[in-house]
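**Student:** have a look; sequence and predicted model below, questions after that.
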Amino acid sequence: QVQLVESGGGLVQAGGSLRLSCAASGRTFSFYSLGWFRQAPGKEREFVARIRWSGGSTYYADSVKGRFTISRDNAKNTVYLQMTSLKPEDTALYYCAGSGLSDSGSYYTSIFDYGYWGQGTQVTVSS
């Protein structure tokens, strides 16, 4: 059973920074892609960033490009999301997600590309 546990959320002022962590545990498992998604109240869950577990290529939503950086530590089975220049509109519950092992040919920006999800960590940005 694979588990993903997020941490690092909190309350920060606009312009501030936070680093989210997502630790994978359970049976030995290598994901093809690990992603971060977020969901604000009353809105659908949206893609934020993703990273290929092998090779480390990354992809970002336009709304966070240049402000957020996704990275991973394979030895620790952990993926990070460094968030800078935070805006009130970044306020949301942030979820970590893991895909299956094989490349499905997708861009891995859809919630349907991921079968493993964490419980989420709240990020609140005050103006």
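**Tutor:** Sure, I can see it.
**Student:** poorly predicted segments of the chain, please.
**Tutor:** Low-confidence segments of the chain (pLDDT under 70): 27-29.
**Student:** what about 80?
**Tutor:** 26-30, 104 (pLDDT under 80).
**Student:** in terms of helices and strands, where is the residue nearest to the spatial centre of it?
**Tutor:** Centroid-nearest residue in the chain, with Cα atoms, centre = their mean: Trp36, separated by 1.9 Å. For Trp36, the element it lies in under DSSP states H and E is strand 33-39.
**Student:** what does that strand rub up against?
**Tutor:** Here strand 33-39 makes contact (Cβ atoms under 8 Å, 6 or more residues apart in numbering) with 20, 22, 24, 45-53, 70, 72, 79, 81, 90, 92-99, 108-109, 111, 113-114, 120, 123. Placement of C-beta: from N, CA and C, glycine included.
**Student:** can you tell me which of these are buried?
**Tutor:** Using 16 or more other Cβ atoms under 10 Å as the burial test, these include 20, 22, 24, 45, 47-53, 70, 72, 79, 81, 90, 92-99, 108-109, 113-114, 120, 123 as buried.
**Student:** now, the residues you listed that are in strands?
**Tutor:** Mapping these onto strands (DSSP state E) picks out 20, 22, 24, 47-52, 70, 72, 79, 81, 92-98, 123.
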